[in-house]
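> take a look and give me a structure for this.
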Amino acid sequence: MKQSIFTITENRQIAAGTYEMCLRGDTAAITAPGQFVNIRLDGLFLRRPISVCNCTDGVLRLVYKAVGHGTEQMAAMRPGQTLDVLTGLGNGYDLSKAGDAPLLIGGGVGVPPLYLLARKLREAGKTVTVVLGFNRADEIILKEDFEALGCTVRIATLDGSVGVKGFVTDALPQGASCLYTCGPEPMLKAVYRATDCPGQFSFEERMGCGFGACMGCSCKTVTGYKRICTDGPVLEREEILW
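Numbering: from 1, shown residues only. This next block holds a predicted model:
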């Protein structure tokens, strides 16, 4: 974990209620896709955890949904403003387990952390399929970004406005060597029940500190309680209790 000051270089709306923020600063502590950052915001006691969408040397890309006081404050920020950011939080995904044909499954704001994962997998020569789920067409994010990496992309929307009508589980392909997924818990449970290949599941939990001190995001696993912010947010399929 590292605390740094980042400068906003871009902040724009990219879909209904969803924004992309690019920042420049020290990204050295971000070592794996699936990690997150924790942002201090004026007037708010708790930092806001945001997953890392992409990270290159000195440049951090965040994609977030404006759903409360903190993220609404972020959405109003402009280039040149600075943020106090804790980086390198969480364990991230393990790429060594991907096999030749990994499957990435994301729903809503669970989609952004899969982008850096897809980038790393494609750089390693993997054949990557991505299944993304949204409520409707105007909420779709990062589809073209995944395609630009060379991924095969499948879309599911609840209203059927784009792609398959229904949930991500209605758009799953066959033959994946390993799955990586991130999204709300009902989606994760559905993916767990609909698949049988090895996999890693990234959980969305309300966090207090973001680095394991408060124990507020603990969940029970087959090996005991784990803190989502430090022992996770990524858990192995076989340790999940459902």
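> just the endpoints, please. Distance across stretch 233-242?
16 Å (CA to CA, to the nearest Å).
> list the buried ones in it?
By neighbour count, with 16 or more other CB atoms under 10 Å as the criterion, the buried positions of stretch 233-242 are 233, 234, 235, 237, 240. (Glycine included, C-beta is placed from N, CA and C.)
> contacts for it?
34, 36, 90-94, 182, 189, 192-193, 198-205, 220-223, 226 (CB atoms under 8 Å, 6 or more residues apart in numbering).
> same question for stretch 160-174.
Contacts of stretch 160-174 (CB under 8 Å, 6+ apart): 103, 105-107, 129, 131-134, 136-137, 140, 154-159, 183, 187, 190-191, 194-195.
> swap in 6 Å and give it another go.
Here stretch 160-174 makes contact (CB atoms under 6 Å, 6 or more residues apart in numbering) with 105, 107, 129, 131, 133, 136-137, 154-157, 190, 194.
> for residue 88, what are its contacts?
1, 2, 29, 30.
> now do residue 145
So residue 145 contacts residue 115 (CB under 6 Å, 6+ apart).
> A helix includes it, no?
Yes - counting by DSSP: H, G, I helix; E, B strand; the rest coil, residue 145 is located in a helix.
> outside of the lengthiest strand in the chain, which residues touch it?
As assigned by DSSP state E, the longest strand anywhere in the chain is strand 2-15. Applying CB under 6 Å, 6+ apart, the contact partners of strand 2-15 are 19-26, 29, 77, 79, 81-83, 85-88, 139, 141.
> quick check: ChimeraX command selecting the buried ones in these.
In ChimeraX syntax, the buried subset of the contacts of strand 2-15 is picked out as below (16+ other CB under 10 Å):
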select :19,20,21,22,23,25,26,29,83,85,86,87,88,139,141
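> now, the contacts of strand 2-15 that are in strands?
Of the contacts of strand 2-15, the ones assigned to strands by DSSP E are 19, 20, 21, 22, 23, 24, 82, 83, 85, 86, 87, 88.
> once you drop chain neighbours, what's closest to the last one?
Just to be clear, that refers to residue 88. Once flanking residues are discounted, residue 88 sits nearest to residue 29: 2.9 Å by CB to CB, 6 or more residues apart in numbering.
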